[in-house]
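K.L.:
Here is a sequence with its predicted model. Questions after.
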Amino acid sequence: MLHQSSLKSSAPSYEMLRKPLPIWHPKSWYYRSFRLGLKTVGQLSNGIRLGFRYGFDSGVMLEYVYRNQPSGITPLGKMLDRIYLSAQGWQGIRLRGQLLKHILHHVLGTYQQHETPCVLLDVACGGGRYDLEVLQHFPAGTVTAILRDYKLENVEKARQLAAELGVNAVVEQADAFSDADLDRVQPAPNVIVVSGLHEILPDDALIQRHFQQLYQRLASPGTLIFTIQPDHPQVELIARTLPAHTGQAWAMRLRPWAQTQQWAEAAGFQNLRVYREPTGIFGVVTAEKLN
């Protein structure tokens, strides 16, 4: 059963997380020790090793988290991997994925019930698992799917998974924020998915403009499905110990739902509905472009 809720956070701000802690601060000692553990014995865990190679917010990392199959070097490595994959944030990621699949299936099914041809565009699909597992349930040819990512390794993984699942989809490399790349999608999509993208980018202006870009390209009527992250209980631990896909510290800018809602509505979207997964870290939102 889906539910709506208000979303707030008391976590440290992005600006606070970007500032190094004083070397004498007990938190600084703790986080240095934690990171040292990850960089040494933690390398026995396949998941932790992947995170340091590609970034803990990368599509490769998320695909590993979605699979949720602990592995590592030696039994100790496998045990560490199990602990790593059980972190609250990764549990939330998997629950977000389930929620997203439920909503995407519902939206595509609703268009089909109205005999409206479906054109699905995912602008940053990562490994594409949530899209492809939903598309499996629709007869071939009933949904035109274009799955995109700017990282070639993600595109290759999504193509591989599409082949394994027997799903027919166009999987290509493209920039989610490029006007030229967005204009290449023909016909205009009536369902656009943005999952796990806005949450890893700190630039507010970029995200605000992205809603405008997507509204302009979305068919009418059309539905935008996007994810939000208004809170995270381990935001400081992550910022002080883990690298992002950029190679920099993974400092998250948690955005209040009201702020994101304002940007989406200002772009023209209406009838916004937010659904929250059980850990309370992530949400999935549907927003409509009406005739």
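P.N.:
Perfect, I can see it now.
K.L.:
Touching, residue 270 and residue 288? I think so.
P.N.:
Yes. The pair residue 270 / residue 288 is scored as a contact, 5.4 Å apart, by Cβ atoms under 8 Å. Where C-beta positions appear, they are placed from N, C-alpha and C, glycine not excepted.
K.L.:
So between these two, which is more surrounded?
P.N.:
residue 288 (17 against 10; other Cβ atoms under 10 Å).
K.L.:
and the more buried one, helix, strand or coil?
P.N.:
Of the three states, residue 288 takes strand under DSSP: H, G, I helix; E, B strand; the rest coil.
K.L.:
right, and it touches residue 271 too?
P.N.:
Yes. With contact defined as Cβ under 8 Å, residue 288 counts as touching residue 271 (4.5 Å).
K.L.:
hey, where'd the strands end up in the stretch 101-250 of the chain?
P.N.:
118-122, 143-149, 170-173, 191-194, 222-228 (DSSP state E, counting those that start in this stretch).
K.L.:
could those strands be laid out in a markdown table, adding mean pLDDT and distance to residue 158?
P.N.:
Shown next, in a markdown table, are the strands of the stretch 101-250 of the chain (pLDDT from 0 to 100; distance: least, Cβ to Cβ, whole Å):
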| stretch | mean pLDDT | distance to residue 158 |
| --- | --- | --- |
| strand 118-122 | 97 | 9 |
| strand 143-149 | 96 | 6 |
| strand 170-173 | 97 | 5 |
| strand 191-194 | 98 | 13 |
| strand 222-228 | 97 | 17 |
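K.L.:
Any stretches of the stretch 151-291 of the chain with poor pLDDT?
P.N.:
Of all residues in the stretch 151-291 of the chain, none has pLDDT under 70.
K.L.:
In space, what's closest to residue 141 - neighbours in sequence excluded?
P.N.:
Nearest in space to residue 141, with sequence neighbours left out and distances taken as Cβ to Cβ, 6 or more residues apart in numbering, is residue 168 at 7.6 Å.
K.L.:
Run a quick neighbour tally on the one you found.
P.N.:
The number of residues packed near residue 168 is 12, by other Cβ under 10 Å.
K.L.:
and the gap between it and residue 132?
P.N.:
10 Å (Cβ to Cβ, to the nearest Å).
K.L.:
how long is stretch 14-29 end to end?
P.N.:
21 Å (Cα to Cα, to the nearest Å).
K.L.:
Give me the buried positions along it.
P.N.:
By 16 or more other Cβ atoms under 10 Å, the buried positions in stretch 14-29 come out as 14, 17, 21.
K.L.:
quick one: contacts of that stretch?
P.N.:
31, 202, 235-236, 239-240, 249, 251-254 (Cβ atoms under 8 Å, 6 or more residues apart in numbering).
K.L.:
Closest one of these to residue 61?
P.N.:
residue 252 (14.4 Å; Cβ to Cβ).
K.L.:
Kind regards, and thank you for your time.
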